[in-house]
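A.B. asks: My questions concern the predicted model and sequence given below.
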Amino acid sequence: MRTRQAVGKAIEDAGIGKRRRMSSIARKEALAGYLAISPWLLGFLIFQLVPILAAFYVSLTEWRILTTPEFIGLRNYDKLLFEDDLFWQSIKVTVVYVIFRVPFSAMLSLALAMLMNQQLAGRRLFRTIYYLPAVIPLVAVSMMWIWIFNPDYGVLNSGLRLFGIDGPQWIFSSRWALPALIIMSLWQVGAGMVIFLAGLQGIPTHLYEAALIDGATAWQKFLRITLPMLSPVILFALVMNVIGSFQVFTQAYIMTRGGPGNATLFLVLYIYRNAFEWFHMGYASALAWLLFLVVLVISLALLRSSGRWVHYEGRIGGV
Amino acid sequence: MSALQVLNWREYRIMRTTISWPSNRYQLLSWWNKVLIHILALTGAVVFLIPFLWMISTSLKPIEKIFHYPPQWIPDPILWRNYTEALTVAPFALYFRNSVLVTTLSVVGQIASSAIVAYGFARLRFPGRDILFIVLLATMMLPWQVTMIPLFILYRNLDWINTYYPLVVPNYLGGNPFFIFLLRQFFLTLPLELDEAAKLDGCGPFRIFWQILLPLTIPGLTTVAIFSFLWNWNEFLWPLIVLNDIDTWTIPLGLNGFRDQYGTDWNHLMAASFVASLPVILIFFIFQGYFIQGIATTGAKG
């Protein structure tokens, strides 16, 4: 009896079974709990965890789908890091896209959210118009924008011509194709706008009232109240945006086929080509694992940096 | 019990409506600033609308009027038959049917599995719950493309290529972490007294879920349904990988194939693109309140 108690105490100290003597009701509840989450748990194992590990194994093989996989160690990684110019091109394209798209779309969606947070006649209608582009199928959006970017008859260059500007060749130019895709992505900032709008409306009014009494300017209010209070939402939006930007595929596949001259060869497009056009399953898996690692590292870095710039409400001190 | 339910439902509705769009009380704008923000909002709206107007205008033009500078905004003549031509030259009726089938099955699966899983995480206590929930949150950050190749191989071995199983089955197993997260937030806003009262009446956990909590989560379920519809309807990369047979194509694949074949028929291509977007636009206009709310719930708490 004493030993049983001691063991139980040890378990409790280790923090494992806090409800050491689970009552039968608690046990039933726990069972129901596992049952309730079992669809997710199963899905997580079958469709996420095992495939990720399997992808790592495949990345260590040379495998052309019809042949049997041949174990080659880290040779795929060696090849892509030190010999494959296309891999580095795809990294460059993806990183440039992320670097320009993420901050621009954050600024634009914040600006739109602040605009929508004003006393505006027809606010609902404006909100709808700004948000609509974010819900249209990306394939249809891509078709639209191919035609918008048409150098001779597209609406963009026709518009520029009104101002006497001779527009570039956009998606037909290796220099302008990537900027074109970034511009197109800014048309779809609606989702970010709504997230920021919800964040703005969560800021307590009394903070602004106090600022008003202190005679703060609009810019000071923005800098000292809006930005800090919004910073958790900004962090969330940034992380999700970075992750999403690393996964760009559809636009590049449909609008530019990765070209011209690999100017829009995004990483996921390159993975797709290796796997499903050239059937280099092992090599494509190595690429996919690098994508996984890069996204993981960047997300963690963003989350860790957040301690320095994200303001959580529990720590309100000297606003 | 039912009185309590109704009461809570009302409180809940009131709470949600008050948090959704409070007017802005902290800034009294001068007349000049008001004009300025209206001009800004209007200019922005025009810029955001131009691509749509351009698509619709092009879709109604005869082909010879398309390659024209300066561009004509109001087509003359208006060719409605572009739509019938575009939709009959490729089997869009079939694609549409396929999309409806895949999307419906997926939406049902995502709602059902997300709801029950969210209930488990929000309401039932079991060892390891918090760690598992953190794992679930972490999977939101996962670029799913890393699982693409092993899953393709799995589906190939199961003989699931050119079937809808790869697109539908995963939705019945957990669905989507965002939806689970969103519904969990919804469940957490419901008072625990509901569960306890039901427990005293002898309800088991699944009856509490089904008869008491689920009816109160209908706004959340609707939000999930709408987003699930959107994402499944718009999905491109997975169908591209697993559906090679033209007869199995969904709308996005059909649109892509249409362009490969009739690349420069811009009027037909724009007509087809508009039709592909139409269900989404309709759903959006009907349910836009839920969209905003859904994003607000997941976004603000994230």
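C.D. replies: Perfect, I can see it now. Numbers count the residues shown, from 1 in each chain, chains lettered A, B, ... in the order given.
A.B. asks: helices and strands around whichever helix or strand residue A:91 is part of, which ones?
C.D. replies: According to DSSP states H and E, residue A:91 maps onto helix A:85-116. Packing contacts for helix A:85-116, counted by 3 or more CB pairs under 8 Å, 6 or more residues apart in numbering or on different chains; DSSP states H and E, involve helix A:123-131, helix A:177-186, helix A:190-201, helix A:227-246, helix A:267-272, helix B:31-59. Backbone N, C-alpha and C define where each C-beta goes, glycine included.
A.B. asks: Go again with 6 Å.
C.D. replies: helix A:177-186, helix A:190-201, helix A:227-246, helix A:267-272 (3 or more CB pairs under 6 Å, 6 or more residues apart in numbering or on different chains; DSSP states H and E).
A.B. asks: Please state the offset of stretch B:178-191 from the chain centre?
C.D. replies: With CA atoms, centre = their mean, to the nearest Å as the basis, stretch B:178-191 stands 18 Å off its chain's centre.
A.B. asks: buried ones in that stretch?
C.D. replies: B:178, B:179, B:180, B:181, B:182, B:183, B:184, B:185, B:186, B:187, B:190 (16 or more other CB atoms under 10 Å in any protein chain shown).
A.B. asks: Taking the centroid of chain B, which residue is nearest it?
C.D. replies: residue B:227 (2.2 Å; CA atoms, centre = their mean).
A.B. asks: per-residue confidence for that residue?
C.D. replies: Looking at residue B:227, its pLDDT is 87.
A.B. asks: got the CA positions of the helix or strand where residue A:141 lies in CSV?
C.D. replies: Under the criterion of DSSP H and E, residue A:141 resides in helix A:138-148. The C-alpha trace of helix A:138-148 is given here as CSV (Å, rounded to 0.1, in the frame of the first residue of the first chain):
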residue,chain,number,x,y,z
LEU,A,138,-7.2,31.7,-58.0
VAL,A,139,-7.3,30.0,-61.4
ALA,A,140,-10.0,32.5,-62.6
VAL,A,141,-8.0,35.4,-61.0
SER,A,142,-4.9,34.3,-62.9
MET,A,143,-6.9,34.2,-66.2
MET,A,144,-8.2,37.7,-65.6
TRP,A,145,-4.8,39.1,-64.8
ILE,A,146,-3.1,37.5,-67.8
TRP,A,147,-5.4,39.6,-69.9
ILE,A,148,-5.0,42.7,-67.7
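A.B. asks: re earlier: the residue nearest to the centre of chain B - that's part of a strand, no?
C.D. replies: No. Residue B:227 is assigned helix when assessed by DSSP: H, G, I helix; E, B strand; the rest coil, not a strand.
A.B. asks: circling back to that earlier point, okay, the angle between the helix or strand just after the helix holding residue A:141 and helix B:31-59?
C.D. replies: Using DSSP H and E, the next helix or strand after helix A:138-148 towards the C-terminus is helix A:155-162. On the basis of axes from the mean of the first three to the mean of the last three CA atoms, to 10 degrees, helix A:155-162 is oriented at 120 degrees to helix B:31-59.
A.B. asks: what's the closest non-adjacent residue to residue A:142?
C.D. replies: Spatial nearest neighbour of residue A:142, excluding adjacent residues (CB to CB, 6 or more residues apart in numbering or on different chains): residue A:254 at 4.1 Å.
A.B. asks: ok, back up a step: quick one: residues contacting the residue nearest to the centre of chain B.
C.D. replies: If a contact means CB atoms under 6 Å, 6 or more residues apart in numbering or on different chains, then residue B:227 has no contacts.
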